[in-house]
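Peer 1: Build me a model from this:
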Amino acid sequence: MGRKARLKQIRREAINNPSPESAPKADFDNTQFVDQLERQGYKLQEIQRSPSVPESNKSLPQL
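Peer 2: As a prediction, this is how the structure comes out:
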């Protein structure tokens, strides 16, 4: 069996027989993702906008 055929078979088996590991957990805390980001230093309550890009009429390459 070739590599592509083997991959097709593995994908087909995964669709037909999903493993319990890939199933979503029912006891997952919805705020866990936000808590992890805040521990990394991100502040989700503050709006962080990107700096504005100046508009120019001519788009000449810089040399």
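
Peer 1: neighbouring contacts of the worst-scoring helix or strand of the chain on mean pLDDT?
Peer 2: None of the helices or strands of the chain scores lower by mean pLDDT, DSSP states H and E than helix 32-39, at a mean of 84. Contacts to helix 32-39, defined as Cβ atoms under 8 Å, 6 or more residues apart in numbering, come from residues residue 44. C-beta here means a position set from N, CA and C on the backbone, and glycine is covered the same way.

Peer 1: Where does the prediction get shaky in this protein?
Peer 2: When the per-residue scores of the chain are filtered using pLDDT under 70, the ranges that remain are 20-30, 48, 54, 56-61.

Peer 1: and the gap between residue 12 and residue 46?
Peer 2: Noted for residue 12: a distance of 47 Å to residue 46, by Cβ to Cβ, to the nearest Å.

Peer 1: all helices of this protein, in order?
Peer 2: Ranges of helices in the chain, per DSSP state H, are 3-16, 32-39.

Peer 1: out of those, which comes closest to residue 63?
Peer 2: helix 32-39 (41.8 Å; Cβ to Cβ).

Peer 1: List the buried residues for that closest one?
Peer 2: Under the neighbour-count criterion of 16 or more other Cβ atoms under 10 Å, helix 32-39 has nothing buried.

Peer 1: got the CA positions of it in PDB?
Peer 2: Taking C-alpha atoms only, helix 32-39 is exported to PDB below (Å, rounded to 0.1, in the frame of the first residue of the first chain):
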ATOM      1  CA  GLN A  32      -9.700  28.900  30.700                       C
ATOM      2  CA  PHE A  33      -8.500  30.400  27.400                       C
ATOM      3  CA  VAL A  34      -8.900  33.900  28.600                       C
ATOM      4  CA  ASP A  35      -7.200  33.100  31.900                       C
ATOM      5  CA  GLN A  36      -4.200  31.700  30.000                       C
ATOM      6  CA  LEU A  37      -3.900  34.800  27.900                       C
ATOM      7  CA  GLU A  38      -4.000  37.100  30.900                       C
ATOM      8  CA  ARG A  39      -1.300  35.100  32.600                       C
END
